[in-house]
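> Give me a 3D structure for the following:
(chains A and B)
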Amino acid sequence: MNILYLDWPCFGKIDVLFTLEQMGHKVTMFFHKEYLERKSETFNDYFDQFVENQTFDFCFSYNYYAIMSENCKRHHMKYVALVYDSPQVMLYSYTLINPNNYVFLFDKQQYLEFKNAGINTVYYSVLPVNSTIIDFLMTKDFDRDKLSADVSFVGALYHEDHNFFDRLSGLKDYSKGYLDGIMAAQLKIYGYNFIEELLNEDITKDLIRVSPYKNDYQGVETPQYIYANYFINRKLTQMERMSLLTALSKETPLKLYTLDRSIQIPGATNMGAVDYYSEMPYVFHNSKINLNITLRSIKTGIPLRCMDILGAGGFLMTNFQSDFLEYFTPDEDFVFYEDEADLVKKTLYYLEHEDERIRIAQNGHQKAKEQHSFEKCFARILEIIQ
Amino acid sequence: MKILFYRYGSICEPDIIDAFCELGHEVAELSEEIHNKGLLPEESVKLVSDTLLSQNFDCVFSINFFPMVSEVCNIFKIRYISWTVDSPVMEIFFKPIKNIWNRTFLFDKAQYEEIHPLNPDCVFHMPLAANASFRQNIIKTATANDLKRFTHSLSFVGSLYTEKSPYDKLVHAPEYLTGYLDGLMQAQMRVYGYFFLEELLTDEIVTDFKKHLPGFFTYPLENYLTDKKIMAQLYMGNKVSAIERVETFHFLSKEHTIDLYTGSDTSCFSNVINHGFAKSLTEMPIIFHESAINLNITSKPIRSGIPFRLFDILSCGGFALTNYQTELAENFTIGEDFDVYTDLNELNEKVRFYKEHDAMRREIAQNGYETLFKYHTFTIRMQQILDLAFSL
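Prediction:
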């Protein structure tokens, strides 16, 4: 088949290209800088020229881009999108129902929300992972001091300057109290995110007053979705990551691999950022325990980070996400913690129980390799679109 | 055995007396408090001690916990067996809970977790029960007219808690405080099986709340309550129940007609038929038996236990659809003895499903009845209680 590939700087590009080529398909790279726009004449013109005199069986991109969907539709091409980001506001576009779309979502709850609303262009898929590259990487030299740890956390702490939540300081006292209340409650609960449904009319009005939000062209997202996911869930993740890492670093050596070098947590070492391809797999493979604290906008899904850890043969310690239970077995393939005390207890336990830890990491790796490879994932995608 | 039953009028007292008798025990009753709610603690002390002086008893029994009865029994060195059937019960936090002659049985594991450390040898967890045979008799002897009158597709017997929420005494509260508490309660309403309100009340919030709630509960004698516990369990728990029940009926009535037996005001609902109070002994069993679906919504202060209402429904051979509570699965098989819901959408869908699946519903109701009859009658329960009470 002839496949058009949207070449934006995403993770997983090498694996997708390699897999499709191994399967005997031809992949043509395509890029235009206005791929993030909902509407762009220059994009459309470029696309028209690009596909002129060529036939593509389908177009593929990581994440969903409305403008790709529209252009594919115009040229009677199928558009396959594999979404790994959350939140992705672009999904809330009326283009999502374009009949040429095949949108694969990794968060079962989000998938069900669309599906139950009668949208039949969405599918549920666990994110694929390359579970063999680690074998090759381990034959190479690497910076063992930098890329090994007892306990490691790879990810953002969301301490950015443009923190949306801080824009809400002008809220009424009642709204402030209400948000603090539902956020405090949400921090106690895994497996069910109620923030969006608890933003009632009055609170939403007040949010709109202090930080106006208006839908873009084609956008059908509700303001509740935006405030819940881009403002509040992000803030919750920041609070949660900070407090869990602080609690853990009191008990055990901890390495943070995070973009912002300025973040200091007593007892933890900030190692700076790691490269997704050339460094991160080593960290996962060479950490006794890899910690995942899911971004709160991911409702039930298995985040890419978890798949990366399992793919690299690392031991995964994560918060509870219910999608795990469909494909993996807790305490056999990975371990989940229920709260801060449980995280500390289980981390200390598995640091001391090497045999169990290694066995669990191997099981998780084996399952990822057998069931969640790029080959399998794309075989299923091709089956669905044909 | 000779048992002195200190009665205060709980609806289950006659059933328990029957169970004791069935087990071959002799029961003497002290019923003063049923008729005289103004009975002073010293009068009750005198009443119990006079009775204990005049005759020999093997133990004293009561529903819920009476600190004064406990004190008397401790002096007489006679076992005081008590069993909670509701929550919150403030008295279990009072100092006499530590008396060594107590044999205190708590129906809710969350209560048990709180109280057990205060008197580790003498506090037990014991789920509630029902009287199956008595109820069956009522149903068997019901007239055709009664059966018809109480036949509904979806019914609920109980209060909406809208008229008895002590939380509503809150006056001139700062906006931030009411916002915070509303947020917490809205969240708690949506989560079954985990009561987190208490953990999320900061000292400042509690102080602020107390300041704006005239007559905030206090107890002059030594006790193990905290203002935080009182605020979460006594004030907020029932308020969440009130919000939950109103929201549940609003939601359900969009699609289903609901027959309510309640003293609460239901004028705000459109698709709800309010029949007023149901008579517990004569009417309730027929309602449970004749309704296609009986709804049980556990009041929130019952944090993990199974309320009487569910046992009642099962004992009448009724089909129950209940909110999730953590202790359900320890005593019954979910989906076989009754069904559960964990959110309003699920409730709505299950109501729709069971309305259309008559045979399945009847089979579940029958299973539920059999399980209850086999493991959860008052006779079985009182034997378990006496065994434990006299094992030390």
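
> List the contacts of the closest residue in space to residue B:270 that isn't next to it in sequence.
Counting by C-beta to C-beta, 6 or more residues apart in numbering or on different chains, residue B:270 lies nearest to residue B:253, which is 6.4 Å off, once chain neighbours are set aside. Yep, even glycine has a C-beta here, placed from its N, CA and C like the rest. Counting by C-beta atoms under 8 Å, 6 or more residues apart in numbering or on different chains, residue B:253 touches B:269, B:270, B:271, B:272.

> Show the contacting residues for residue A:320.
A:190, A:191, A:336, A:337, A:338.

> With secondary structure, distance to chain B and pLDDT added, can I get these in JSON lines?
Output for the contacts of residue A:320, formatted as JSON lines (DSSP: H, G, I helix; E, B strand; the rest coil; distance: C-beta to the nearest C-beta, whole Å; pLDDT from 0 to 100):
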{"residue": "A:190", "secondary structure": "coil", "distance to chain B": "10", "pLDDT": "87"}
{"residue": "A:191", "secondary structure": "coil", "distance to chain B": "10", "pLDDT": "83"}
{"residue": "A:336", "secondary structure": "strand", "distance to chain B": "16", "pLDDT": "96"}
{"residue": "A:337", "secondary structure": "strand", "distance to chain B": "16", "pLDDT": "97"}
{"residue": "A:338", "secondary structure": "coil", "distance to chain B": "10", "pLDDT": "93"}
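
> And the helices in the stretch 151-300 of chain A, which stretches?
Secondary structure of the stretch 151-300 of chain A (DSSP state H, counting those that start in this stretch): helices located at A:173-188, A:195-198, A:201-210, A:223-226, A:233-249, A:280-285.

> how about these, which one is nearest chain B?
helix A:173-188 (2.4 Å; C-beta to the nearest C-beta).

> Against which helices or strands is the closest one packed?
Using 3 or more C-beta pairs under 8 Å, 6 or more residues apart in numbering or on different chains; DSSP states H and E, the elements in contact with helix A:173-188 are helix A:195-198, helix A:201-210, helix A:233-249, helix B:175-190.

> what pLDDT, on average, does it get?
Confidence for helix A:173-188, expressed as mean pLDDT, is 96.

> Also stretch B:286-306?
96.

> Then stretch A:108-121?
Here stretch A:108-121 scores 95 as its mean pLDDT.

> touching chain B at all, that stretch?
No: Stretch A:108-121 does not reach chain B (C-beta under 8 Å from any C-beta of the partner chain); its nearest approach is 9.5 Å.

> Go through that stretch and flag the buried ones.
Judged by neighbour count using 16 or more other C-beta atoms under 10 Å in any protein chain shown, the buried positions of stretch A:108-121 are A:108, A:109, A:110, A:111, A:113, A:114, A:115, A:121.

> Name the helix or strand for the closest residue to residue A:337 other than its chain neighbours, please.
Sequence neighbours aside, residue A:343 is the residue nearest to residue A:337 in space, at 3.9 Å (criterion: C-beta to C-beta, 6+ apart). Here residue A:343 sits within helix A:340-352, counting by DSSP states H and E.

> farthest-separated two in the buried residues of stretch A:108-121?
Pairwise distances across the buried residues of stretch A:108-121 peak at 17.5 Å for A:109 and A:121 (criterion: C-beta to C-beta).

> what residues does the stretch 151-300 of chain A put near chain B?
Counting by C-beta under 8 Å from any C-beta, the residues of the stretch 151-300 of chain A that sit close to chain B are A:172-186, A:188-189, A:192, A:194, A:197-198.

> are any of the residues you listed buried, and which?
Neighbour-count burial (16+ other C-beta under 10 Å) is assigned, among those, to A:172, A:174-186, A:189, A:192, A:194, A:198.

> Can I get the helices and strands packed on helix A:173-188 in a markdown table including mean pLDDT?
As requested, the helices and strands packed on helix A:173-188 are exported to a markdown table (pLDDT from 0 to 100):
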| stretch | mean pLDDT |
| --- | --- |
| helix A:195-198 | 96 |
| helix A:201-210 | 96 |
| helix A:233-249 | 95 |
| helix B:175-190 | 97 |
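
> Out of those, flag the one nearest residue B:12.
Nearest of these to residue B:12, taken as C-beta to C-beta: helix B:175-190 at 28.0 Å.

> From the contact counts, what lies against the closest one?
Contacts defined by 3+ C-beta pairs under 8 Å, 6+ apart place helix B:175-190 against helix A:173-188, helix A:195-198, helix B:203-211, helix B:237-252.

> who's in contact with stretch A:92-100?
Stretch A:92-100 is contacted by residues A:38, A:64, A:66, A:69-70, A:72-73, A:76-79, A:101, A:103, A:114, A:119-122, A:218-222, A:225 when judged by C-beta under 8 Å, 6+ apart.

> So which of those residues are in strands?
Here DSSP state E is the test, and the contacts of stretch A:92-100 give A:78, A:79, A:101, A:103, A:122 as lying in strands.

> Can you tell me which of the residues you listed is nearest residue B:69?
Distances from residue B:69 to the ones in strands among the contacts of stretch A:92-100, taken by C-beta to C-beta, are shortest for residue A:122, at 63.5 Å.

> Walk me through the domains of the chain.
You didn't say which chain, so I picked chain A. Per automatic domain parsing, the structural domains of chain A span A:2-125, A:133-371.

> Let me rephrase: I mean chain B.
The record's domain split for chain B, according to automatic domain parsing, is B:2-129+B:378-389, B:132-166+B:239-375.

> Reformat the ones you listed as JSON lines; add distance to residue A:158.
Formatted as JSON lines, those follow (distance: least, C-beta to C-beta, whole Å):
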{"stretch": "domain B:2-129+B:378-389", "distance to residue A:158": "35"}
{"stretch": "domain B:132-166+B:239-375", "distance to residue A:158": "29"}
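
> Other residues contacting the worst-scoring helix or strand of chain B on mean pLDDT?
Counting by mean pLDDT, DSSP states H and E, chain B has its least confident helix or strand at helix B:132-141, which shows a mean of 82. The contact list for helix B:132-141 (C-beta under 8 Å, 6+ apart) reads B:15, B:18, B:281-282, B:285-286, B:289, B:312, B:315-317, B:369, B:372-373, B:377.

> can you pull the buried residues of it?
Quick answer for helix B:132-141 (16+ other C-beta under 10 Å): B:132, B:135, B:136, B:138, B:139.

> you'd agree residue A:282 is up against residue A:147?
Yes: the pair residue A:282 and residue A:147 qualifies as a contact (C-beta atoms under 8 Å) at a distance of 3.9 Å.

> how far off helix A:173-188 does the helix holding residue A:343 point, in degrees?
30 degrees (axes from the mean of the first three to the mean of the last three C-alpha atoms, to 10 degrees).

> what helices or strands is helix A:340-352 leaning on?
Where contact means 3+ C-beta pairs under 8 Å, 6+ apart, helix A:340-352 is packed against strand A:149-154, helix A:233-249, strand A:287-292, strand A:316-319, strand A:335-337, helix A:354-371.

> what about the closest residue in space to residue B:236 that isn't next to it in sequence, how many neighbours?
Spatial nearest neighbour of residue B:236, chain neighbours left out: residue B:197 (5.2 Å); criterion: C-beta to C-beta, 6+ apart. Neighbours of residue B:197 under the rule other C-beta atoms under 10 Å in any protein chain shown: 24.

> Go ahead and confirm residue B:197 touches residue B:229.
No: shown here, residue B:197 and residue B:229 do not form a contact pair, counting by C-beta under 8 Å, at 10.1 Å.

> ok, how many other residues are close to the closest residue to residue A:22 other than its chain neighbours?
Excluding the flanking residues, the one nearest residue A:22 by C-beta to C-beta, 6+ apart is residue A:375, at 7.5 Å. Residue A:375: 15 surrounding residues under other C-beta under 10 Å.

> Need the three-state assignment for residue A:375.
For residue A:375, the assignment made with DSSP: H, G, I helix; E, B strand; the rest coil gives helix.

> Please name the residues that touch it.
A:19, A:22, A:23.

> Make JSON lines out of the residues you listed and add neighbour count, pLDDT and secondary structure.
JSON lines is the format used below for the contacts of residue A:375 (neighbours: other C-beta atoms under 10 Å in any protein chain shown; pLDDT from 0 to 100; DSSP: H, G, I helix; E, B strand; the rest coil):
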{"residue": "A:19", "neighbour count": "21", "pLDDT": "95", "secondary structure": "helix"}
{"residue": "A:22", "neighbour count": "11", "pLDDT": "94", "secondary structure": "helix"}
{"residue": "A:23", "neighbour count": "14", "pLDDT": "95", "secondary structure": "coil"}
